[in-house]
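A.B. asks: Show me the folded form of this:
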Amino acid sequence: MGPVHQLTALLGLLGACACVMDRIGEPVHAWGPPAVVLSVMASMACGATGAVLAAGAGVVAAVALWTALAGPSDGRGPAVVDLVTMAVLTACASRAGRGRALDHRPGMYMSGAQKPYGFRLFVLLVVCWVLARAGVRLAALVRSSGPPSTDGMGTRRVAALHEGGSAAMIIAMAAMLA
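C.D. replies: Numbers count the residues shown, from 1 in each chain. You can find the predicted model right below:
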């Protein structure tokens, strides 16, 4: 794994850690989903094979479904978008390795595909994630009577930590596939 991809993996792990740390003082149902994503990202960074990553993608998808249906109501939409995106990215990574550890070289092939993963897939995944997150925020604004009130600087810092962590995690994971 080259230095750029090591840095990318580190950035993704730091983003996942930020998401867990954002909710660590809360009950397990709040910090459990980000902890699952952190463990799957850690296994990917350590060179897990396709079968392990496919199982991880399934677990993240199950956590996303649980969060959508029974998870905590505060911030459920962005969390579900993040979890679904991570499940898709992990599933792509499981197919990229084709039975060997993901080596993060440009041009990894999906089995049955003629074209390699590349920059276009990275841009597509990140743009879809950004649009989904924006749609969730827009739907929340439409449902409410106005913009959400902030309780001061502390609330904004926590929100910035969570949003920054989510962005780092998704962008780094997509970059590892490019």
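A.B. asks: so how far is residue 65 from the residue nearest the centre of the chain?
C.D. replies: With distances taken as CA atoms, centre = their mean, residue 86 lies nearest the centre of the chain, 3.7 Å away. From residue 86 across to residue 65, the span is 13 Å (CB to CB, to the nearest Å). Every C-beta, even on glycine, is put in place using the N, C-alpha and C of the backbone.
A.B. asks: Name the residues of the one helix or strand residue 29 maps to that are buried.
C.D. replies: Here residue 29, judged by DSSP states H and E, is contained in helix 28-45. Within helix 28-45, the residues scored as buried using 16 or more other CB atoms under 10 Å are 30-38, 40-45.
A.B. asks: Return the distance of that helix from the chain's centre.
C.D. replies: 10 Å (CA atoms, centre = their mean, to the nearest Å).
A.B. asks: Likewise for stretch 121-134?
C.D. replies: 11 Å.
A.B. asks: and what of stretch 52-64?
C.D. replies: On CA atoms, centre = their mean, the centre of stretch 52-64 falls 12 Å from the chain's centre.
A.B. asks: same check, this time on stretch 169-178
C.D. replies: 9 Å.
A.B. asks: Show me what the helix-or-strand element of the chain with minimal mean pLDDT is packed against.
C.D. replies: Sorting the helices and strands of the chain by mean pLDDT, DSSP states H and E puts helix 153-177 at the bottom, at a mean of 75. Judged by 3 or more CB pairs under 8 Å, 6 or more residues apart in numbering; DSSP states H and E, helix 153-177 is in contact with helix 3-22, helix 28-45, helix 76-97, helix 119-143.
A.B. asks: For it, what is the distance to the chain centroid?
C.D. replies: 9 Å.
A.B. asks: Report the inter-axis angle for it versus helix 76-97.
C.D. replies: Counting by axes from the mean of the first three to the mean of the last three CA atoms, to 10 degrees, helix 153-177 lies at 20 degrees to helix 76-97.
A.B. asks: and the angle from helix 153-177 to helix 3-22?
C.D. replies: Using the same axes, to 10 degrees: helix 153-177 against helix 3-22 is 150 degrees.
A.B. asks: Please consider this matter closed, and thank you.
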